[in-house]
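[1] coords below, sequence missing:
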Ligand SMILES: Nc1ncnc2c1ncn2[C@@H]1O[C@H](COP(=O)(O)OP(=O)(O)OP(=O)(O)O)[C@@H](O)[C@H]1O
Ligand SMILES: [Zn+2]
Ligand SMILES: [Zn+2]
């Protein structure tokens, strides 16, 4: 028997399956989707078993034997194995990299899994065929996966079924790194008869102890989860010391136990029932429901204005999916994965839901992943990577706020979750719902061309008016002598809110608007010596920091260039806005939400909860405050400056500006109280701001699509970006020229097949230097299905000598979202 293995040597020339001979005793364990250790040159590497075959094209006597198998049950499903191949081809990354992207990080570290019997071997739940296995585990208490694999190597299918039936519980060895939570629990260690006898003997003299012994006896008899020591002591009213005394008499053992870390376990969810749908919601839901029932691939764009009630449509679509006996995945942008969002789904579907997001510890994420892999849940909710939830019968994939750029992963594999969703759905015959108030223009155009079915919800759920949007020209403010960052209009609106006891949200787009240090005499600005990026000034630590590489500099008292003392920080960070607010409105209660105040675990959730409970008048923050929030008392939204996104060197700048303004405006007046929005800008005439003022997505899309077509940008063509980097600029220039030459040669060959791709560059990247390396880029514009991927890959391969020998790096990005 031969195993085809993708090994952990993710380089171009090793990016293919290698054949290994499977020793007889490992044969039953080796299945597609398990990880294995294999000899590779002088080393032993981990790898994924892709396939198992009878014969090899290689000379069998020259095949090396596979060393060991690392998983008792496959960690990658057959469908996901295949999807990894697709990821690797589409996004030009090694297959090993694609495969590891499918797994939670806890599985990537080298910790060992330990098994315990979940039920006594004699339990009626245990099929005859599994009794021996269960007895084996039960006798030993905790069995490391490795020993179990050895003992049952020839009967691996038993192991797998025991795991899938939930007869064995898996846990990772207790390691701090995984943030494991351990508590002491009590397990009976004598027979039920012996314990009852002891209880009877103690009943007179020590009734509490007797009660405890009774409880242990019934545990020994019926099995069940061993109770926590603390709990037991509390219930029976005797101290932990007394429990320990019982232990010394051999009645029980007190042992450390890893808690199943359900991060939401200690939270209560308000149960929610399906709401009667509005007519519009019902009209949107019914084709989705039909597609789920028909088990056919069907992509939808749900274009509903802010506050139109998309969430309820998602909820009822999921309901339909569960009723059809199928599984559902919901993707939400990381920063919208708030308790409010989770509550909405947990409240409706309770234990059917697993939630995965980056604020969980690695161990918690692993637990949630395992619930999915073991079919304990039917719904997965999470940020981007939840698209890889290892379900096997997916009926519905929902992507909320589908326009969000965070759905694109910026490191390899540089996949876009939307494309992965469509690909997975087509394999499962599932419905895909792309939901947004401001769909990406790619998505919108596809819906207009009939590639996706367009579902529209043009009004708010109870017909509330969209908030009024005022645009304030900040140039005029300056002319009128107002040098503050608050216009008269915004100040007045804030004052009104304070009077009425209503709440406000203030958006400060940090990008490009943060504080920086500048010399007023000579114009010198502090730059990062490694990245050529303006340093951001941090008032609290009195230092400046580079946001790309972390380089830090003390606050200067003299200009390093002209020695003038007039060097000081400029611009506004959230801290400065907060200070100015406090000056304007003494006693104002502000919650500031930005990377600094949300870096600790749970901080983000706490701040939002405080604001919801009206412990503050103003929620001030970066993009984090723009999305998804639904607070009934927010009646004012202020945008400090709408221009910052507009000035990014990116063809999507107008689209991003429109999206951001529309989304943040959508936070106001969602309930009974009407809302109002004040947008401050230095370019009030720009169409993205004008259309946002009138909540006119269609108008914006029409205008923007015309210019995209004229300038030749997506969605009228596709882009691929190659970024080359090297510390030596002259070598970089030479390599970039060579790379471009290779590309042109291959594009010329494509000419016959269709339209020839267009090559822009090589030119310095918008960020020309990063972490001491210079950067050049080649941008490729092409249409349709032209096979640009192969040409890019082959051209990069042609330079592989430079990559190996001279530390040149070549990054390929298909359908890039960030052009820096
Ligand atoms: N059928 C319904 N009956 C009663 N209330 C509803 C109904 N549908 C939605 N709502 C309420 O309307 C409000 C807005 O709904 P929701 O948050 O789903 O909007 P949304 O479309 O997701 O908006 P956004 O794009 O801004 O996130 C919520 O408070 C929700 O509870
Ligand atoms: Zn100076
Ligand atoms: Zn830097």
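    Yep, it's here. It should be emphasised that the depicted structure is a prediction, and the values quoted were computed from it without experimental measurement. Ligands and ions are numbered 1, 2, ... in the order given.
[2] is the helix or strand hosting residue 781 anywhere near ligand 3?
    Using DSSP states H and E, residue 781 falls within strand 773-782. No. Shown here: strand 773-782 not in contact with ligand 3 (Cβ under 5 Å from the ion), separated by at least 10.9 Å. Just so you know, the C-beta spots here come from the backbone N, C-alpha and C atoms, and that holds for glycine as well.
[3] what lies in contact with that strand?
    Contact with strand 773-782 is made by 712, 717-729, 732-733, 736, 739-740, 743, 755, 757-765, 767-769, 788, 792, 809, 819, as judged by Cβ atoms under 8 Å, 6 or more residues apart in numbering.
[4] can you list the strands that that strand pairs with?
    strand 718-726 (antiparallel), strand 758-770 (antiparallel) (DSSP bridges).
[5] ignoring the adjacent residues along the chain, who's closest to residue 79?
    Residue nearest to residue 79 in three dimensions, not counting chain neighbours: residue 427, with 5.9 Å by Cβ to Cβ, 6 or more residues apart in numbering.
[6] on that earlier part again, let me know the average pLDDT across the next helix or strand after the strand holding residue 781.
    Proceeding N to C from strand 773-782, the next assigned helix or strand is helix 788-798, under DSSP H and E. The pLDDT scores in helix 788-798 average 89.
[7] just list what helix 788-798 packs against, helices and strands only.
    For helix 788-798, the packing partners by 3 or more Cβ pairs under 8 Å, 6 or more residues apart in numbering; DSSP states H and E come out as strand 718-726, helix 729-750, strand 773-782, strand 809-814.
[8] how distant is the strand holding residue 781 from the center of its chain?
    27 Å (Cα atoms, centre = their mean, to the nearest Å).
[9] quick one: furthest residue from the center of the protein?
    Most distant residue from the mean C-alpha position of the chain: residue 204, 59.0 Å away (Cα atoms, centre = their mean).
[10] that one sits in which helix or strand?
    Secondary-structure assignment from DSSP H and E places residue 204 in no helical or strand segment.
[11] ok, it to ligand 1 distance?
    For residue 204, the distance to ligand 1 (Cβ to the nearest ligand atom, to the nearest Å) stands at 60 Å.
[12] circling back to that earlier point, could you identify which of the strands paired with strand 773-782 is most buried?
    Mean neighbour count (mean count of other Cβ atoms under 10 Å) peaks for strand 718-726 among those, with a mean of 23.
[13] domain-wise, how is the protein divided?
    According to automatic domain parsing, the chain comprises the domains 2-100, 113-174, 182-258, 279-457, 468-513+571-707, 515-569, 718-814.
[14] ranking those domains by mean pLDDT, which is last?
    Note on the domains of the chain: lowest mean pLDDT is at domain 515-569, with a mean of 75.
[15] do it and ligand 2 meet at all?
    Yes. Domain 515-569 is in contact with ligand 2 by Cβ under 5 Å from the ion, via 519, 521-522, 524, 559, 561-562, 564.
[16] residue 813: neighbour count?
    Neighbour count for residue 813, taken as other Cβ atoms under 10 Å: 21.
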